[in-house]
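# Build me a model:
(2 chains)
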Amino acid sequence: MEDQQPDSDDPQAAGKKEGQDMENDSNDIQVEPGPGAAALKCTDLLGIEYLDVEDINLILDTAEQFKEISQRPIKKVPALRGKTVINIFFEPSTRTRTSFEIAAKRLSADAQSISASTSSLVKGETLVDTALNLEAMFPDLIVMRHSYPGAAHLLARICKARVINAGDGAHEHPTQALLDALTIRDHKGKFEGLRVAIVGDIAHSRVARSNIQCLTKLGAEVVVAAPPTFLPLNVESLGVEAHSQLEPAIEGADVVMALRIQLERGGRLSFPSQREYFNLFGLTKERLSLTAKDSIVMHPGPMNRGVEIASDVADGPTSVILDQVTNGLAVRMAVLYLLAGSSKDVETAA
Amino acid sequence: MSRLLLRGGRIVDPSQKLDQVWDLLIEDDRVEAVGKDLPQDSDTEVIELTGKVVAPGFVDMHVHLREPGYEYKETVASGTAAAAAGGFAGVACMPNTDPVNDNRAVTEMILDRAATEGSVPVYPIGAVSAGSKGEEMAEIGDLVDAGCVAVSDDGHPVATSFLMRRALEYTKMFGIPVIDHCEDMSLTARSSMHEGTASTRLGLKGHPSAAEEIIVARDVILAELTGGRLHCAHMSTAGSMRHLREAKQRGVAVTCEVTPHHFTLIDEAVSSFDTNTKVNPPLRGPEDREAVLAALGDGTVDVIASDHAPHHADEKNVEYDIALPGLIGLETAVPLACEHLVHTGVIDVSRLVELFSTNPCRIMGIAGGTLEAGAPANVTILDLDRQAAVDISTSRSKSRNSPFDGVLLRGWPAMTIVAGMVVWRSEA
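Got it, this is the predicted structure:
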């Protein structure tokens, strides 16, 4: 990156410029990613698949610096003043949507959220038409959650606004993986040599897909455990060790991540009852005694208590579930900030 | 009486085991003779074809012409124009129109359109069941009398084993095949792509190979039980090829076809979420593609058919999961086969002609597939050396849904002759 010549179309240069503006606005946030590392190599955040380790670390390091803003009495910096962020959620969401909205506002962006129930989707408008209409209002960033894999790619192809995928079906949920990585780094200080067990509905989980990519890129060893009905074909091809029993997967694990059982994504005939699932795969204190010393327990939420995780584990001393939520804010601020300065080319007349 | 002499081409006609640089003489709408240095009189029109391949007219036995009901995607006129430009001197059209071609009136309407507006002959395929609903049998006798050459509920499998058994039995009266779209729908609900490594990565719901193979196995067993004629459409998996090879070895009356997209592309192509890669059956894994190539080489596969499935841009410019499956193939089938099968040595030119002409005509029992004296003068002429990129914007089809736009291919059709008339000639 050092040898790149900054020019006006260079996202790196744009990012730097943004950084300087922030300094000049003097609200004393120190976000100076340093020469040569200030830009992501992508103009949209569609998935962890398209990030390299350098990109991931840039986001995590930037998020680290943004954490402090949320501790201030006045929780706002002018970094994205005058920028417009549209959050469009075609699926229900509390955590992610609120997190993006607050992240945008803490950076002084104008944020507008649209949910499927109030959108034109219910009137039969296509995603492409919705996107073109939003685009006509010149947003700088569009954050979208959608139930179909690749929906964010479609949006990114036709929009000049930078697109952040806030979950596309069972495909990816990159900011979740990034906030999980930040949380793991906070508690473990490293990724190399860590054993991370992801337990539950791997087949229908975008959280699993993004986390597997992110953590393996960062050097952690990832194991997955689920009933075989929840393991996608050739899951090992993602670079993980797979188990159809919980115990061998969590044995010696430094991190155990439970996934939500998502009946709405087609889990029909995947397991006979929630009771049986808990009996076989529920995270309990007793089972977690198999893990490494000082292991942590994570969950992307929303939790089904008593199904994938026992309440005393979710609320217990090893749980970092609320740290994940707090880190989500910092990661989303970092992503909005890093992408807002970039420029992109799009296909015309899609 | 008009005479047309095709002079100096390489005449490849597997029906006569012929592969010679000879002449072909056409008188009116029939082949008069093939031979060396055929005489010509002063009123004979001569076309010099040195360096070109001259073959019996290619027939695409799996095409969706969309008329009646979906004229915004394709019509008999536009679809047959695309066929002619793709080197096809005939097409068989699937019955999943609106209304479904499950009765004489629809068959006659299609044939009437073909006669008045078509560039090449159209061979309608009737429905197996009324409305292709998989319940009551369509009036197959009346469909055959009106001009249908086969029956199929394509787009869907023949719904039940019982209906398939009855259809295989009943069609024996007419000597026509039952063409099945082999898919166990209970295994493919909401699927968008092949179930494999790529679907695992992309989070798209997978359509397992087993869904196809289960119905192939069912159909083969029922064909053996009934003695009826089975033709399996668009075979795409290694397991299907294994079942079919074994069934043929045992003498079961089964034939099958593969599509150019299944012998050229694999599921990894879906990674871009380009909806033109969405097709049913889906693009399969690399090992399936290898098995399809092997089956093309060893004779297990009888036919290459395009499964030309036009869709409007609005039906593709949507999320992958809700995009309609299918791609247009009439104008790319022959060059894809030349590039990926002939020039790579998987098959020779004679086998290519068998797959595109001899076998589809034999399976559907239609005139053609040969250049014997007296045969209809339907001829496909190929330029195996021409290299050009696919340019979908110039397609004769009303639709543009192809994943092959811009792809460089070697070996293109040069001319299409139907009943002694040149219906299309390459400008290149």
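# need the next SSE after the helix or strand of chain A with the lowest mean pLDDT, C-terminal direction.
Every helix and strand in chain A was compared by mean pLDDT, DSSP states H and E; the lowest is helix A:11-25, with a mean of 40. Using DSSP states H and E, the helix or strand that directly follows helix A:11-25 along the chain is helix A:53-66.
# Report all helices and strands that that next one contacts.
Helices and strands touching helix A:53-66, by 3 or more CB pairs under 8 Å, 6 or more residues apart in numbering or on different chains; DSSP states H and E, are helix A:174-188, helix A:206-217, helix A:321-340. Every C-beta, even on glycine, is put in place using the N, C-alpha and C of the backbone.
# got the angle between the helix or strand following it and helix A:321-340?
Next along the chain after helix A:53-66, taking DSSP H and E as the criterion, comes strand A:84-89. Here strand A:84-89 runs at 130 degrees with respect to helix A:321-340, directions being taken by axes from the mean of the first three to the mean of the last three CA atoms, to 10 degrees.
# List the buried residues for the helix or strand that strand A:84-89 is followed by?
Once the chain leaves strand A:84-89, the next helix or strand it forms, by DSSP H and E, is helix A:95-106. Neighbour counts over helix A:95-106 (16 or more other CB atoms under 10 Å in any protein chain shown) mark A:Thr96, A:Arg97, A:Ser99, A:Phe100, A:Glu101, A:Ile102, A:Ala103, A:Ala104, A:Lys105, A:Arg106 as buried.
# what's the first-to-last distance across stretch A:312-321?
Using CA to CA, to the nearest Å, the end-to-end distance of stretch A:312-321 comes to 13 Å.
# go on, stretch A:72-83?
Stretch A:72-83 stretches 22 Å from its first residue to its last (CA to CA).
# which SS class is B:Glu32?
In three-state terms, and counting by DSSP: H, G, I helix; E, B strand; the rest coil, B:Glu32 is strand.
# Please save the CA atoms from stretch B:274-287 in PDB.
C-alpha atoms of stretch B:274-287 as PDB (Å, rounded to 0.1, in the frame of the first residue of the first chain):
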ATOM      1  CA  ASP B 274     -25.400 -13.500 -11.900                       C
ATOM      2  CA  THR B 275     -28.900 -14.600 -12.300                       C
ATOM      3  CA  ASN B 276     -28.200 -15.800 -15.900                       C
ATOM      4  CA  THR B 277     -26.400 -18.700 -14.200                       C
ATOM      5  CA  LYS B 278     -29.600 -19.800 -12.500                       C
ATOM      6  CA  VAL B 279     -31.100 -22.700 -14.400                       C
ATOM      7  CA  ASN B 280     -33.000 -25.900 -13.600                       C
ATOM      8  CA  PRO B 281     -31.400 -28.400 -13.300                       C
ATOM      9  CA  PRO B 282     -28.700 -26.200 -11.800                       C
ATOM     10  CA  LEU B 283     -25.100 -25.900 -13.000                       C
ATOM     11  CA  ARG B 284     -23.500 -28.900 -11.200                       C
ATOM     12  CA  GLY B 285     -20.200 -29.700  -9.600                       C
ATOM     13  CA  PRO B 286     -16.900 -30.200 -11.500                       C
ATOM     14  CA  GLU B 287     -17.200 -34.000 -11.200                       C
END
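# and that stretch, average pLDDT?
Stretch B:274-287 carries an average pLDDT of 98.
# just the helices in the stretch 101-250 of chain A please.
Remark: helices assigned in the stretch 101-250 of chain A by DSSP state H, counting those that start in this stretch are A:127-135, A:151-158, A:174-188, A:206-217, A:246-250.
# no wait, the stretch 151-300 of chain B
B:161-170, B:197-202, B:209-226, B:238-249, B:260-264, B:286-298.
# just so I know, which of those lies nearest A:Gly167?
Nearest of the helices of the stretch 151-300 of chain B to A:Gly167, taken as CB to CB: helix B:197-202 at 14.1 Å.
# Double-check that B:Arg386 belongs to a strand.
Yes: secondary structure of B:Arg386 (three-state DSSP): part of a strand.
# re the thing from before, pipe the helices of the stretch 101-250 of chain A into TSV and attach distance to B:Thr50 per row.
Below are these laid out as TSV (distance: least, CB to CB, whole Å):
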stretch	distance to B:Thr50
helix A:127-135	51
helix A:151-158	47
helix A:174-188	60
helix A:206-217	57
helix A:246-250	69
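# ok, B:Thr275 touching B:Ile322?
No: taking CB atoms under 8 Å as the definition, B:Thr275 is not a contact partner of B:Ile322, at 9.1 Å.
# Look at the two and report which has more neighbours.
The neighbour count for B:Thr275 versus B:Ile322, taken as other CB atoms under 10 Å in any protein chain shown, is higher for B:Thr275 (27 against 14).
# Name all residues that make contact with the more buried one.
The contact partners of B:Thr275, by CB atoms under 8 Å, 6 or more residues apart in numbering or on different chains, come to B:Lys316, B:Asn317, B:Val318, B:Tyr320, B:Ala323, B:Asn401.
# who's in contact with the residue in the stretch 101-250 of chain B that chain A sits nearest to?
Chain A sits closest to B:Gly203 of the stretch 101-250 of chain B, with a gap of 3.5 Å, by CB to the nearest CB. Taking CB under 8 Å, 6+ apart, we find B:Gly203 in contact with A:Pro149, A:Asp168, A:Gly169, A:Ala170, A:His171, A:Glu172, A:Arg206, A:Arg209.
# Would you mind putting the residues you listed into TSV with pLDDT and neighbour count alongside?
As requested, these are exported to TSV (pLDDT from 0 to 100; neighbours: other CB atoms under 10 Å in any protein chain shown):
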residue	pLDDT	neighbour count
A:Pro149	97	27
A:Asp168	97	31
A:Gly169	95	26
A:Ala170	95	27
A:His171	98	27
A:Glu172	98	31
A:Arg206	97	26
A:Arg209	98	28
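# so which of those residues comes closest to B:Val63?
Using CB to CB, the shortest approach to B:Val63 within the contacts of B:Gly203 belongs to A:Pro149, at 30.5 Å.
# of the helices of the stretch 151-300 of chain B, which approaches A:Val77 most closely?
Within the helices of the stretch 151-300 of chain B, the stretch nearest A:Val77 is helix B:197-202; the backing value is 37.2 Å (CB to CB).
# gap between the closest one and the chain center?
For helix B:197-202, the gap between its own C-alpha mean and the chain's C-alpha mean amounts to 29 Å (CA atoms, centre = their mean, to the nearest Å).
# Outside of it itself, list whatever touches it.
Residues outside helix B:197-202 that contact it (CB under 8 Å, 6+ apart): A:49, A:149-150, A:171, A:209, A:232-235, A:237-238, B:193, B:205-206, B:267-268, B:270-271, B:273, B:285.
# Buried ones among those residues?
Among the contacts of helix B:197-202, the ones that count as buried by 16+ other CB under 10 Å are A:49, A:149-150, A:171, A:209, A:232-235, A:238, B:193, B:205-206, B:267-268, B:270, B:273, B:285.
# Chain B contacts on chain A?
Within chain A, the positions near chain B by CB under 8 Å from any CB of the partner chain are A:49, A:126-128, A:146, A:148-151, A:153-154, A:168-172, A:206, A:209, A:232-235, A:237-238, A:266, A:350.
# nearest to chain B, of the buried residues of helix A:95-106?
A:Thr96 (16.8 Å).
# Give me the nearest residue to that closest one, chain neighbours excluded.
Closest residue in space to A:Thr96, ignoring its immediate chain neighbours: A:Ala166 at 5.3 Å, by CB to CB, 6 or more residues apart in numbering or on different chains.
# Check A:Tyr277 too.
Spatially, and ignoring its direct neighbours in sequence, A:Tyr277 is nearest to A:Phe271 (4.9 Å; CB to CB, 6+ apart).
# pretty sure A:Lys160 is touching A:Ala136, no?
No: the pair A:Lys160 / A:Ala136 is not scored as a contact, 10.7 Å apart, by CB under 8 Å.
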